[in-house]
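Undergrad: Okay, here's the prediction I keep looking at, along with the sequence it came from:
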Amino acid sequence: MSQAKASRFSPMAIWVNVALAIAAFFALAPLLWMISVSFMQPGESNALPPPLWPARPTLANYQQLLAQTGIVRYFVNSLVVATGVTASSLLFNLMAGYAFAKLKFKGRDKLFQALLAALVIPGQVAMMPLFLMLKTMGLVNTWAGVILPGMAGVFGIYLVRQYARSLPDALLEAARMDGAGEWRIFWMIVLPLLKPVIVTLAVFGFLGSWNDFMWPLIVLTDADLHTLPVAIASLSREHVADGELMMAGAVVTVMPVLLLFLALQKHYMAGLMMGSVK
Amino acid sequence: MKPQSLAQRLIAWSFVAPALAVIGLFFLLPVVIGLALSFSDFDLYALADWRNLRWAGVDNYVHVLTLPLFWQALYNTLFFVAFGVPLSIALSLGCAVLLQSPLARFKPFFRTALFAPVVTTLVAVAIIWRYLLHTRYGLVNAGLGQIGIAPIDWLGDPHWSMPSIILLAVWKNFGANMIIFIAALQAIPDELYEAARLDGARRWAQLRWITLPMLGPTLLMVSVLTMAGYFQLFAEPYVMTQGGPLQSTVSVLYLMYEEGFRWWNLGQASAVAFVLFVLMVVATQGLMRLGRRGEAAASA
């Protein structure tokens, strides 16, 4: 690419990089501002001109968040729900995705097509009846009510199937010849080979569940069970004037998933690309 | 293929059974019940005692379609889709093209930075933006003030409330499609650009005659998925404006939530949900037809 090298400092190159820098600035600015304000003195951000940095950084907002809002409880709730959804959906989607790719049974491909077709149905169509069903089962206002509907998903099954199709049949056949049962093959041979898609699916599941809002809002009416998004949404209605406190709450909510993403971003993006190639 | 034993078939089914049970029981079954519910008068009284439940025929649909707030919500939602989707996709595509340029530096940093909003919690960032858009102390108005624009009452003025929500949604979402576009751009063979350069095509001509046509199928898929997602607007108005001011940010899904889980008119809420479903199918099918025609015309 001699052309690119020669033009590294050309007007075009400067233009491209400045445009990217501006876009990145607008993408990150709200998040950086959130962190900055969360360390300001209560009330400090309500000034003209609005300050960008805390004059005297303080942990007061985080202390108030811990002492008065029960944020620890919400954090734990979110963790329990997200972990439950991630672990169970991982297991069920892996089993189903592998079977749709490699095990033979009657009607397999038609069934898979039907599942894919169900993707066009938006989730909210099911929300009212699902609420009533869970109510009759006594599961409204329980974590089970939030976790159960998320325990398997068509998109996850699709991702696993895409990936599992590339596993060599000869390997599986050889294991069968040696007398290994299908479950043993799945646990001992298939799962280790599916490791990349397992990580991808786990990150997707955890982030999706952690960030989910509408369903927990509907099912968890008891404030003690609220997940972080539901809790800070209702906190933000009570504490409209306490911008610094709310930013601390936003930091506590956003940071875990942001850090998880930064640590595992390759896998996350790989999943996004796999899902888009149909 | 060898004929399979019963045991083998049973084992295969046992692999798919748990996932199918979850999807069938907690998604497909509720969808079917939901359709029935939308033809019933299920309300607070039926919630207390099922014996109060009556069939209502198409009453719910008639009621919803004659409700002024439904048409307002539909207008708001279509406004959000009509402006939000193209803006979001244009920004995704623009950033993807910039990131794929051989002239771009620090690519991994820029890619991560632009993608970061996608993984954030919508409720949390909606709260951040509420403060950023504050009329008096918000950074947005402070920034606009620097270039001589008078303060705008973003969330309090019915003309600006929906644009504010579009701003948040585009900021939050554009990174996801950007990654998909980057993958599609990487799949375009270099030889095409080589050939174009030999024919004397400049950068813009290459973008217009190679990049965009080659991206066609991806562009169509991304548009359809983004549109389906944007039709389901809910958390942004719930957190930022509570549907206001003057109901200017009530979306169809917000209306469904209020009808169903605030007033417990679950029958009517189901009708709203199915109307939204039909609208989404019509809109996405229309877009797909339009896209295919465009592709056929381009290749003709």
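TA: Right, received. Where do you want to start?

Undergrad: For the stretch 151-300 of chain B, what lies in contact range of chain A?
TA: Taking Cβ under 8 Å from any Cβ of the partner chain, the part of the stretch 151-300 of chain B that reaches chain A is made up of B:171, B:175-176, B:179-180, B:183-184, B:203, B:218, B:221-222, B:228, B:231-232, B:234-235, B:238-239, B:253, B:256-257, B:260-261, B:266, B:269-270, B:273-274, B:276-277, B:280-281, B:284. (Glycine included, C-beta is placed from N, CA and C.)

Undergrad: Buried ones among those residues?
TA: Buried by 16 or more other Cβ atoms under 10 Å in any protein chain shown: B:171, B:175-176, B:179-180, B:183-184, B:218, B:221-222, B:228, B:231-232, B:234-235, B:238-239, B:253, B:256-257, B:260-261, B:266, B:269-270, B:273-274, B:276-277, B:280, B:284, out of those.

Undergrad: For the residue nearest to residue A:108 when sequence neighbours are not counted, report the pLDDT, please.
TA: Computed as Cβ to Cβ, 6 or more residues apart in numbering or on different chains, the closest residue to residue A:108 that is not its neighbour in sequence is residue A:100, at 6.3 Å. Looking at residue A:100, its pLDDT is 97.

Undergrad: in which helix or strand would I find residue A:100?
TA: In the assignment (DSSP states H and E), residue A:100 maps to helix A:71-102.

Undergrad: For the helix or strand following that helix, name the packing helices and strands.
TA: Counting by DSSP H and E, the next helix or strand C-terminal to helix A:71-102 is helix A:108-117. With contacts defined as 3 or more Cβ pairs under 8 Å, 6 or more residues apart in numbering or on different chains; DSSP states H and E, the packing partners of helix A:108-117 are helix A:71-102, helix A:154-164, helix B:6-23.

Undergrad: If we use 7 Å, what do you get?
TA: helix A:154-164 (3 or more Cβ pairs under 7 Å, 6 or more residues apart in numbering or on different chains; DSSP states H and E).

Undergrad: Next, the angle helix A:71-102 makes with the next helix or strand after the helix it packs on.
TA: Sequence order places helix A:169-177 as the next helix or strand after helix A:154-164, per DSSP H and E. Counting by axes from the mean of the first three to the mean of the last three Cα atoms, to 10 degrees, helix A:169-177 lies at 90 degrees to helix A:71-102.

Undergrad: Run the chain-centre distance for helix A:169-177.
TA: 35 Å (Cα atoms, centre = their mean, to the nearest Å).

Undergrad: Buried residues in it, which are they?
TA: For helix A:169-177, the neighbour count (16+ other Cβ under 10 Å) marks A:172, A:175 as buried.

Undergrad: export that helix as CSV, just CAs?
TA: Output of helix A:169-177 as CSV, limited to C-alpha atoms (Å, rounded to 0.1, in the frame of the first residue of the first chain):
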residue,chain,number,x,y,z
ASP,A,169,-18.0,-35.4,11.6
ALA,A,170,-15.1,-37.9,11.5
LEU,A,171,-14.2,-36.9,15.0
LEU,A,172,-17.7,-37.5,16.4
GLU,A,173,-17.9,-40.8,14.4
ALA,A,174,-14.6,-42.0,15.8
ALA,A,175,-15.8,-41.3,19.4
ARG,A,176,-19.0,-43.3,18.6
MET,A,177,-16.9,-46.2,17.3
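
Undergrad: Which positions in the helix or strand just after that helix come out as buried?
TA: Counting by DSSP H and E, the next helix or strand C-terminal to helix A:169-177 is helix A:182-185. In terms of neighbour count (16+ other Cβ under 10 Å), helix A:182-185 has its buried residues at A:182, A:185.

Undergrad: what's the offset of helix A:182-185 from the middle of its chain?
TA: With Cα atoms, centre = their mean as the basis, helix A:182-185 stands 30 Å off its chain's centre.

Undergrad: so what does it touch, helix or strand wise?
TA: Helix A:182-185 packs on no helix or strand, going by 3+ Cβ pairs under 7 Å, 6+ apart.

Undergrad: And for it, what's in contact with it?
TA: Contacts to helix A:182-185, defined as Cβ atoms under 7 Å, 6 or more residues apart in numbering or on different chains, come from residues A:172, A:175, B:11.

Undergrad: from the residues you listed, which is closest to residue B:128?
TA: residue A:172 (49.7 Å; Cβ to Cβ).

Undergrad: Does chain B have contacts with stretch A:248-262?
TA: Yes: counting by Cβ under 7 Å from any Cβ of the partner chain, chain B has neighbours in stretch A:248-262: A:250, A:253, A:254, A:257, A:258, A:261.

Undergrad: how's chain A carved up into domains?
TA: Domain ranges of chain A: A:2-60, A:65-276, per automatic domain parsing.

Undergrad: just the helices in the stretch 51-200 of chain B please.
TA: Ranges of helices in the stretch 51-200 of chain B, per DSSP state H, counting those that start in this stretch, are B:59-65, B:68-100, B:107-119, B:122-132, B:139-146, B:158-186, B:190-198.

Undergrad: Reformat those helices as JSON lines; add mean pLDDT and distance to residue A:13.
TA: Shown next, in JSON lines, are the helices of the stretch 51-200 of chain B (pLDDT from 0 to 100; distance: least, Cβ to Cβ, whole Å):
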{"stretch": "helix B:59-65", "mean pLDDT": "95", "distance to residue A:13": "56"}
{"stretch": "helix B:68-100", "mean pLDDT": "97", "distance to residue A:13": "11"}
{"stretch": "helix B:107-119", "mean pLDDT": "95", "distance to residue A:13": "13"}
{"stretch": "helix B:122-132", "mean pLDDT": "96", "distance to residue A:13": "32"}
{"stretch": "helix B:139-146", "mean pLDDT": "94", "distance to residue A:13": "27"}
{"stretch": "helix B:158-186", "mean pLDDT": "96", "distance to residue A:13": "18"}
{"stretch": "helix B:190-198", "mean pLDDT": "89", "distance to residue A:13": "17"}
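
Undergrad: Not counting residues beside it along the chain, what's closest to residue B:158?
TA: Spatial nearest neighbour of residue B:158, chain neighbours left out: residue B:248 (3.8 Å); criterion: Cβ to Cβ, 6+ apart.

Undergrad: With residue B:154 instead?
TA: With sequence-adjacent residues excluded and distances taken as Cβ to Cβ, 6+ apart, residue B:154 is closest to residue B:133, at 3.9 Å.

Undergrad: What separation is there between that neighbour and residue B:140?
TA: 5 Å (Cβ to Cβ, to the nearest Å).

Undergrad: Between the two, point out the one with more neighbours.
TA: More crowded of residue B:133 and residue B:140, by other Cβ atoms under 10 Å in any protein chain shown: residue B:133, with 23 against 20.
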